[in-house]
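> build me a structure from this.
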Amino acid sequence: MKKIFYFLLGVFLLSCSGSNDDVVDDMVLEHALQPEKAYVNYFEDPFSYIMSSSYYQFTYKDNNLMQISEFSGSYLTSKISLSYSNTQIKVSSDSYGSDYLLYSVSNNKPLKLDCYLNGKLYYTQYYIYEQGMIKVLKEFAEWYDKELTTYYFDIEHNLTKSEVVKISYGVEKSLDTYIYSNFDKAQNPYKSLWMLDNLRFINLDDNLIFAKSLSFNNFKRIEHTFKDLVKDQNSYTETHEYNYKYDSNGQVLLYHPL
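Below you'll find the predicted structure:
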C-alpha cells in the first residue's frame, strides 16, 4: 500500500498543473443554478429537517459568487467574501481576516488549494482529473499527515463513491468509504458553491460541499464505513438520509417557508 501511495504522490506532483477537460465537465458553471438563500442545515451532514431559521444569503456578479452572508433570523452574524483573478479564487471571512482559502483554478475547476489559518499555511490540496474519477491529495504543512480522497462517478455523471485514506508518517492509518445513492432528478444547486468547502468559520464539514457539487443530480442517501487499516477491521458503518423539499418544477429548495 505504501508503494501505491508514493506512486500516486508522484503522479499528483507531475499532473496537478493540468486537467482533463473530458472529466467532470459538470463543474463548468455556464448553466449552473445560483441559489439566493439556503438554510444552514442544508450545508451540514447529516440533516433530516430544518433545526433553526439560520440561513446563508448569496450575492453574485457576472456569474461569480461574490459574498455569503449568514443570518440568524434578521441578524447578520458573519460575512464571507470572494475575489477572482484569471487563475485564482480567494475566499475569506470578514470575522477571521487571517483565515482564508486560495484556489488555483482552470476552466472553473480547482487544481490546487492553499488553506491559511491565523495567517499561516495549514494545508495544501492538489486535484487531478481522470476518466470517471477525481483524486484530491491533502498535505498538512507542519506535520507528516496526508489524506488521499478519490471520487468515483457513474455514466450519468453522478457521484457513486468516495474513499478517504489517511496517512501519518507514510503509514496508511484509516479508510473512510462513502456510498452515495437515491438520486433525485433535480438540477444540482450546489455546483456554484463548491469553493465554500473547508471553511471552518461557516461550520462546513471538510469536502462535504465539494462532494455535493460534483453530481449532475442530488444524492439523498450516504452510507459511511470507517475501517482501521492498522488493525485491518471495520469499526463502524452509519447511514444518513437527506430530506429535500422541491418546487412545482421538481427543483430543490434550499430556502422555503418553515
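> looking at the closest residue to Met133 other than its chain neighbours now. What's its pLDDT?
Excluding its sequence neighbours, the residue lying closest to Met133 (CB to CB, 6 or more residues apart in numbering) is Tyr152, at 5.3 Å. (C-beta placed from N, C-alpha, C; glycine too.) We have a pLDDT of 98 for Tyr152.
> so which bits of the helix or strand where Tyr152 lies are buried?
Per DSSP states H and E, Tyr152 falls inside strand 145-153. Buried residues in strand 145-153, defined by neighbour count with 16 or more other CB atoms under 10 Å: Lys146, Glu147, Leu148, Thr149, Thr150, Tyr151, Phe153.
> got the CA positions of the very next helix or strand once past it in CSV?
Downstream of strand 145-153, the next assigned helix or strand under DSSP H and E is strand 159-168. Below are the C-alpha coordinates for strand 159-168, written out as CSV (Å, rounded to 0.1, in the frame of the first residue of the first chain):
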residue,chain,number,x,y,z
LEU,A,159,-21.0,10.6,-7.7
THR,A,160,-21.3,7.0,-6.6
LYS,A,161,-18.5,6.5,-4.1
SER,A,162,-15.6,8.3,-2.4
GLU,A,163,-12.7,6.9,-0.4
VAL,A,164,-10.5,8.8,2.0
VAL,A,165,-7.2,7.3,3.1
LYS,A,166,-5.5,9.0,6.0
ILE,A,167,-1.7,8.6,6.1
SER,A,168,0.6,9.5,9.0
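> note down every partner strand of strand 159-168 and its orientation.
strand 145-153 (antiparallel), strand 171-181 (antiparallel) (DSSP bridges).
> who's in contact with Ser181?
Thr160, Phe219, Lys220, Arg221, Glu223 (CB atoms under 8 Å, 6 or more residues apart in numbering).
> farthest-apart pair in those, please.
For these, the farthest-apart pair by CB to CB is Thr160 and Lys220; their separation is 13.7 Å.
> that'll do, ta.
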